[in-house]
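Student: model this:
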Amino acid sequence: MNKLSVVISAYNEEKNIKDCLDSIKNLADEIVVVDNLSADKTAEIARNYTKKVFEQKNDPKNIDLQKNLGFSRASGDWILSLDADERATPELTREIKSVLSQKPTAKSQQSINGYWLPRKNIIFGKWIKSEMWWPDYQLKLFQKGKGGFDKNQVHRALRVQGETEKLENFLIHNNYVSISQYIEKLNNYTNIEAESLAASGYRVNWLDALRFPVDDFLKTFFLQKGYKEGLHGLILSLLQAFYMEIVFAKLWEREGFKEIEDADFQKKLMKEAKAIRNKFKYWFLSSTIKVTKNPFKKILLRVTRKITSQKLKNS
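Tutor: Okay, the predicted model is just below:
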């Protein structure tokens, strides 16, 4: 049977690491922990579960890239990459064991080098099921030597050579537990996002100071059905809008806080405000149509939405 190494990279995770390690005790043949020079008891707790605890300097800009050290020190045939705030459920444990126990006799099985795992994101005490957060598939399980994080990527993502498939059972991800935690992480994540956009050739357009946050709010609240989560969905969508405003501001900062010299500044601002109003109206109409049962009211709403859509095209 294939041996499984579970690799965890952590920094100041003494509140999370024990529960994470407990959740994989019946799954892992080997546990590898990379401690990024935590200032708390993360490493001390990890050593109660494994002798394979390795240290390296913390690098906030390359959080995922730092996991490669753990991958290189793993001895299993397969690797499961976890964060300290993730938990393996008993159902997922059984499924992974079943998958790894299968003999690769079929041609299709021989080509599978990685598996995507759905994640159940718990945010501010609630399982968030809107499309931005569920099923949130992550490439987490892969054959040793067939996967890793590419240092040349701005947006770090685990890459696996060969075919991948999806598993059915989920990881539990204790994501944001407080607003303070969200804000603390926001600074690093927006740095990465701004760096990625700058590397793609983006140059600041001052109207994006409005478009970035508005478009992301509309996407998360309406398109990805954040409204179904009630106040949780509204707050998360507003926080995402704030996130994108910070991304824009950091892009502006990268260009030296350049001054905007536009004689039509106010006129263009008013025009953009009208377009934003129509965007909100369009998405409110769309979400209302979905829940309206009266067929005649649906027709009226669709006509109104069509008129609004045409205004958007002309703006």
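Student: now the strands for this structure?
Tutor: 4-10, 30-35, 53-55, 78-83, 86-88, 112-117, 119-123, 126-127, 138-143, 147-149, 158-160, 163-166, 171-174 (DSSP state E).
Student: Which one of those lies nearest to residue 220?
Tutor: With CB to CB, the closest approach to residue 220 among these belongs to strand 119-123: 12.2 Å. Bear in mind the C-beta positions are built from the backbone N, C-alpha and C, glycine included.
Student: List of residues touching that closest one?
Tutor: Residues outside strand 119-123 that contact it (CB atoms under 8 Å, 6 or more residues apart in numbering): 86, 127-128, 133-138, 170-176, 232, 236.
Student: Buried ones from those, can you make that a ChimeraX selection?
Tutor: Selection of buried members from those for ChimeraX, criterion 16 or more other CB atoms under 10 Å:
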select :86,128,133,134,135,136,138,170,171,172,173,174,175,176,232,236
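Student: rewinding a little: nearest to residue 67, out of the strands of the chain?
Tutor: Nearest of the strands of the chain to residue 67, taken as CB to CB: strand 4-10 at 4.4 Å.
Student: partners of that closest one, with directions?
Tutor: Applying DSSP bridges, strand 4-10 is found paired with strand 30-35 (parallel), strand 78-83 (parallel).
Student: tilt between it and strand 138-143?
Tutor: Counting by axes from the mean of the first three to the mean of the last three CA atoms, to 10 degrees, strand 4-10 lies at 140 degrees to strand 138-143.
Student: And strand 4-10, how far out from the chain middle?
Tutor: For strand 4-10, the separation from the chain centroid amounts to 19 Å (computed by CA atoms, centre = their mean, to the nearest Å).
Student: Mean pLDDT and distance to residue 191 added to the strands of the chain, as a markdown table?
Tutor: Converted to a markdown table, the strands of the chain look like this (pLDDT from 0 to 100; distance: least, CB to CB, whole Å):
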| stretch | mean pLDDT | distance to residue 191 |
| --- | --- | --- |
| strand 4-10 | 97 | 19 |
| strand 30-35 | 97 | 22 |
| strand 53-55 | 96 | 24 |
| strand 78-83 | 97 | 19 |
| strand 86-88 | 98 | 23 |
| strand 112-117 | 96 | 27 |
| strand 119-123 | 98 | 22 |
| strand 126-127 | 98 | 28 |
| strand 138-143 | 97 | 22 |
| strand 147-149 | 91 | 17 |
| strand 158-160 | 91 | 20 |
| strand 163-166 | 96 | 29 |
| strand 171-174 | 98 | 22 |
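Student: CSV for the ones you listed, including distance to residue 242?
Tutor: Listed next are the strands of the chain as CSV, based on distance: least, CB to CB, whole Å:
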stretch, distance to residue 242
strand 4-10, 27
strand 30-35, 31
strand 53-55, 35
strand 78-83, 24
strand 86-88, 25
strand 112-117, 29
strand 119-123, 15
strand 126-127, 20
strand 138-143, 24
strand 147-149, 28
strand 158-160, 28
strand 163-166, 32
strand 171-174, 22
